[in-house]
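following is a predicted model, sequence given first.
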Amino acid sequence: MPNSRFKNALNRVPQEIPPIWFMRQAGRYHDHYQNLKKSHSFVELCKSPALSAQTALGPIEEFDFDVAILFSDILFPLESLGMDLIYDPGPIFKEHLSEKNTSKILKNKNPISSLEFQGEAIERTIDLLPDDKSMIGFIGGPWTLLSFASAKNKLEKSDKLKSYQWSILEEHIYPLLHQNILLQLRAGAELVMIFDSCAHQLGKDDLSIYLKKILNELVKSFPNRVGYYAKDGVSYDEIFAATDSSEVPFAGIGVDSNVSIQDIFAKRKDGFIQGNFSEKLISQDFNEFDKALNLFLEEISTLSIEDRNGWVCGLGHGVIKTTPQENVKHFVKKVRSYL
């Protein structure tokens, strides 16, 4: 460790070939994962450090990604805070948060202690990784956690945040996630991504306040070590405005497939830019997928390596479970041979 391409991208050193990793690169589309699931539950794969490492290593060995990512789930911090969480197969909370029951449910006084398995999983994964691969961790975005905890994660838009919701973020979620980032970095993660898949629900005013809070509460203590990803129509201009006004900005930004990554390259001269081939297109018939990939790479290749420095090649969101494994293998090989 670390992977030289990934290190270059984090430091914005121009290079021909970008590092490649996918959100959910270890997951349901992959035979390696499905074989592990025959003997173990999803929670066991996450909470057993040895199994988590095995799961994370699978796509590195088969597809040769440059970066391994902790195999875990964004919602475990909510369980650590006191929420009753099961997976059947997706996440189910016994009781959702409301203004009236917060103090009853969020009762754990030392929630970080029940997340120590993540640190052990990172250490185990690093022990198994080839020397030329990098290791990263992740957390869920604070609002994304609260959105799931409040059964609002399916909504397109949220109402203006109420004072009790800000209080939950500030008194419970920010402090735990700060400790969670520290735990993962101490275990050896080179970077921790914030996956904030519900941030698009927030109105402009709330989003601006919220992003500044994230930068102050979660990023400021860890310069160049925390990246951010949001999707589905979130305002990247708002994200950039917040990070530009911050004493310590995000280390980089993940970009979804609904926007032009060329435009993002033109706007951003600091931090890495990750993305943004369509997760839907890579799941299609090979010929349709390959045609789209050629077009994507053709457009990227019109940029000089200086104009696209900081690029981390990946998808606009997580790998879809119906994605053919051969498409993933082809993607990695094609990116490296085309550029």
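Arrived safely, thanks for sending. Numbering: from 1, shown residues only.

check for me that residue 312 belongs to a strand.
Yes: read with DSSP: H, G, I helix; E, B strand; the rest coil, residue 312 is one of the residues of a strand.

which parts of the stretch 1-150 of the chain are strands?
Taking DSSP state E, counting those that start in this stretch as the criterion, the stretch 1-150 of the chain carries its strands at 67-69, 85-87, 91-93, 134-140.

residue 276 against residue 259, yeah?
Yes: using C-beta atoms under 8 Å, residue 276 is in contact with residue 259, at 7.1 Å. To be clear about C-beta, it is placed using only N, CA and C from the backbone, and glycine gets the same treatment.

could I get the strands of the stretch 1-150 of the chain as a markdown table with mean neighbour count?
A markdown table is the format used below for those (neighbours: other C-beta atoms under 10 Å):
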| stretch | mean neighbour count |
| --- | --- |
| strand 67-69 | 26 |
| strand 85-87 | 14 |
| strand 91-93 | 15 |
| strand 134-140 | 25 |
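
would you mind giving those strands as CSV with mean pLDDT and distance to residue 290 added?
Listed next are the strands of the stretch 1-150 of the chain as CSV, based on pLDDT from 0 to 100; distance: least, C-beta to C-beta, whole Å:
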stretch, mean pLDDT, distance to residue 290
strand 67-69, 98, 24
strand 85-87, 96, 35
strand 91-93, 96, 35
strand 134-140, 98, 27
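
tell me which of those strands lies nearest to residue 283.
Residue 283 lies closest to strand 67-69 among these, at 19.5 Å (C-beta to C-beta).

burial count for the nearest residue to residue 224 once chain neighbours are set aside?
Closest residue in space to residue 224, ignoring its immediate chain neighbours: residue 251 at 4.8 Å, by C-beta to C-beta, 6 or more residues apart in numbering. Look at residue 251: counted by other C-beta atoms under 10 Å, it has 22 neighbours.

separation between residue 251 and residue 193?
9 Å (C-beta to C-beta, to the nearest Å).

quick check: what element follows the helix or strand that residue 210 is a member of along the chain?
Using DSSP states H and E, residue 210 maps to helix 204-214. Using DSSP H and E, the helix or strand that follows helix 204-214 in sequence is strand 226-229.

what pairs with that next one, parallel or antiparallel?
For strand 226-229, the paired strands and their directions (DSSP bridges) are strand 191-195 (parallel), strand 252-254 (parallel).

out of those, nearest to residue 308?
Nearest of the strands paired with strand 226-229 (C-beta to C-beta): strand 252-254, 13.3 Å.

next, the angle from the lowest-mean-pLDDT helix or strand in the chain to helix 204-214.
When the helices and strands of the chain are scored by mean pLDDT, DSSP states H and E, helix 236-244 comes last with a mean of 89. Calculated by axes from the mean of the first three to the mean of the last three C-alpha atoms, to 10 degrees, helix 236-244 forms an angle of 40 degrees with helix 204-214.

show residues contacting helix 236-244.
Contact with helix 236-244 is made by 204, 207-208, 211-212, 215, 228, 230, 249-250, 253, 255, 259, 264, 267-268, 271, as judged by C-beta atoms under 8 Å, 6 or more residues apart in numbering.

could you redo the strands paired with strand 226-229 as TSV and give each row mean pLDDT and mean neighbour count?
Formatted as TSV, the strands paired with strand 226-229 follow (pLDDT from 0 to 100; neighbours: other C-beta atoms under 10 Å):
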stretch	mean pLDDT	mean neighbour count
strand 191-195	98	24
strand 252-254	96	25
